[in-house]
Each structure stands twice: as structure tokens, then as C-alpha cells.
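**Q** how does the following fold in three dimensions:
(2 chains)
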Amino acid sequence: AQSVTQLGSHVSVSEGALVLLRCNYSSSVPPYLFWYVQYPNQGLQLLLKYTTGATLVKGINGFEAEFKKSETSFHLTKPSAHMSDAAEYFCAVSPFYSSASKIIFGSGTRLSIRP
Amino acid sequence: DVKVTQSSRYLVKRTGEKVFLECVQDMDHENMFWYRQDPGLGLRLIYFSYDVKMKEKGDIPEGYSVSREKKERFSLILESASTNQTSMYLCASSWGADEQYFGPGTRLTVT
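**A** Numbers count the residues shown, from 1 in each chain, chains lettered A, B, ... in the order given. Predicted coordinates for the structure are as follows:
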């Protein structure tokens, strides 16, 4: 069975500060890992994904995440927050072997940016 | 560029009405999904389909049905809408276990 835990339903940072959104997962098989972003009244958009290979993954809008197998974590970071980063962020996991795979989503973290 | 479109952005229906939400994807994806999203509850999977005419229940299928007659189209049906089905409905598609591509969502209000 797989699950995803996002620590903190709401994170607030100042503009220009480091953004760190935490995600831990459990999976009995090697996972695919994803971060999605959702702006108000829109669908989800992929920020980045880890499938295999390099454990540090770079995504759009300056975000990156590192897959740490020993810690079962996939935390999302951005060195300097921008006002436009205010949104809801979802971490997700799916088993890579499955051809008809459901993605398991975390409960989401709302990111607010203070001027 | 993958595109997933949903038939309506906003919809208002009355209790007891039959409601159809349609989703179309243009990337020949085998998998399609319907979610509902409510504040504090995240995304909850209603149904998914991994091939034409194939469907599987998700976590909250009660009160919903689906139809997939063509590969590109996946419909969500509320047989008799109720106020507790007021929500944001999101459609997604994918190939295999890879990322899901989402539509813009339909905000359904049942009065």
C-alpha cells in the first residue's frame, strides 16, 4: 500500500525567503514521485517528477525536489519565494510498475507569501 | 502539448437532476480519472478507467457513475444530484504510471 503525508497544511514565508514544503511517502515498491501546483479555481499542474536516475529533480518556476530513499522523503524547495508562488501544492506517489496506476495524493499544503 | 478539457467551468443544478460532466483528452492516454476536491479533504478519486468501456471504483463512487465509450472521452454522471455533491470536479488522464494531466475543473453547485 502507498501513502503520502504532507507536513503542514499551511506554510507562510516572506517574499525572497526559502520555500520548503515537506512530503514523506510510504511505498512497498519503487515509486514515481510528483509535485503538483494548483492556483485558485484551476486544475493541477505538474511542477516536477522523479521516476528514476538523478535524485535531485528540477522543475518549473525555480522549484526543485530531492528524492531521499533512506528518509522516504521528497521535499520541495525554492531558494527565493515570489508572490506568484502563492498556491496549493500537492505531493503524490504512484508505483512505477503498474500500467493502470492510480496516483495517491497528499492532502495539500497551502503556500502564502508575505510581502 | 497535452490538453484535457472539461465541458463546463461552472454549473448550477437543482437537487434530483441528472448531471453529466464530460472530459476529453487529446493525447491518446489509456487512463482517465475523475476526482472531487473539497476544502480540507484534498483530492478524492471517484472513478477511473484504464481502457474503453473499462472502469474501476475509486474511493468515493457512491452516487456517481461513469461512461467511457471512446478512448478520448470520459463522462461522470450524477444520477440524482444532491446538495452534498456540490464540489469542484477534476478530470485527469495519464499513460501508465506516469504523471496525470488535469483539466481546469468544473465547479458544480447543487441547490
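**Q** point to the helix or strand of chain A where mean pLDDT is at its lowest.
**A** Lowest by mean pLDDT, DSSP states H and E among the helices and strands of chain A is strand A:104-105, with a mean of 88.
**Q** now for residue A:83: which residues touch it?
**A** A:15, A:113, A:115 (Cβ atoms under 8 Å, 6 or more residues apart in numbering or on different chains). In this view, the C-beta of every residue, glycine as well, is placed from N, C-alpha and C.
**Q** nearest to chain B, of these?
**A** If you rank the contacts of residue A:83 by distance to chain B using Cβ to the nearest Cβ, residue A:113 comes first, at 20.2 Å.
**Q** low-confidence stretches in chain B?
**A** Low-confidence segments of chain B (pLDDT under 70): B:2.
**Q** and with 80 instead?
**A** B:1-2, B:96-97 (pLDDT under 80).
**Q** can you show me the strands along it?
**A** B:4-6, B:10-13, B:19-25, B:31-38, B:42-51, B:54-57, B:64-70, B:73-78, B:87-94, B:101-102, B:106-110 (DSSP state E).
**Q** the fifth one and chain A in contact?
**A** Yes. In this structure, strand B:42-51 sits against chain A according to Cβ under 8 Å from any Cβ of the partner chain; the contacting residues are B:42-43, B:45, B:48, B:50.
**Q** any residues of chain B in contact with chain A? List them.
**A** B:4, B:30-31, B:33, B:40-43, B:45, B:48, B:50, B:58, B:90, B:92, B:94, B:96-105, B:107.
**Q** now, of the residues you listed, which are buried?
**A** B:4, B:30-31, B:33, B:42-43, B:45, B:48, B:50, B:58, B:90, B:92, B:94, B:96-103, B:105, B:107 (16 or more other Cβ atoms under 10 Å in any protein chain shown).
**Q** who are the contact partners of the spatially most central residue of chain B?
**A** In chain B, the centroid-proximal residue (Cα atoms, centre = their mean) is residue B:34; its distance is 3.1 Å. Counting by Cβ under 8 Å, 6+ apart, residue B:34 touches B:21, B:23, B:45-48, B:58, B:64, B:66, B:74, B:76, B:89-91.
**Q** that older thread, who does the least confident helix or strand of chain A pair up with?
**A** strand A:87-95 (antiparallel) (DSSP bridges).
**Q** any idea how far the partner strand is from the chain center?
**A** Put simply, strand A:87-95 sits 5 Å off its chain's centre (Cα atoms, centre = their mean, to the nearest Å).
**Q** pLDDT weak spots in chain A?
**A** Those would be A:1-2, A:28-30, A:95-102, if you go by pLDDT under 80 across chain A.
**Q** straight-line length of stretch A:90-107, end to end?
**A** Using Cα to Cα, to the nearest Å, the span of stretch A:90-107 from its first residue to its last is 7 Å.
**Q** could you do stretch A:66-85 as well?
**A** 19 Å.
**Q** and residue 59, what does it touch?
**A** No chain specified, so I'll use chain A. Contacts of residue A:59 by Cβ under 8 Å, 6+ apart are A:35, A:46-49, A:65.
**Q** oops, I was thinking of chain B
**A** Counted by Cβ under 8 Å, 6+ apart, residue B:59 has contacts B:44-46.
**Q** which of these lies closest to residue A:31?
**A** residue B:45 (17.4 Å; Cβ to Cβ).
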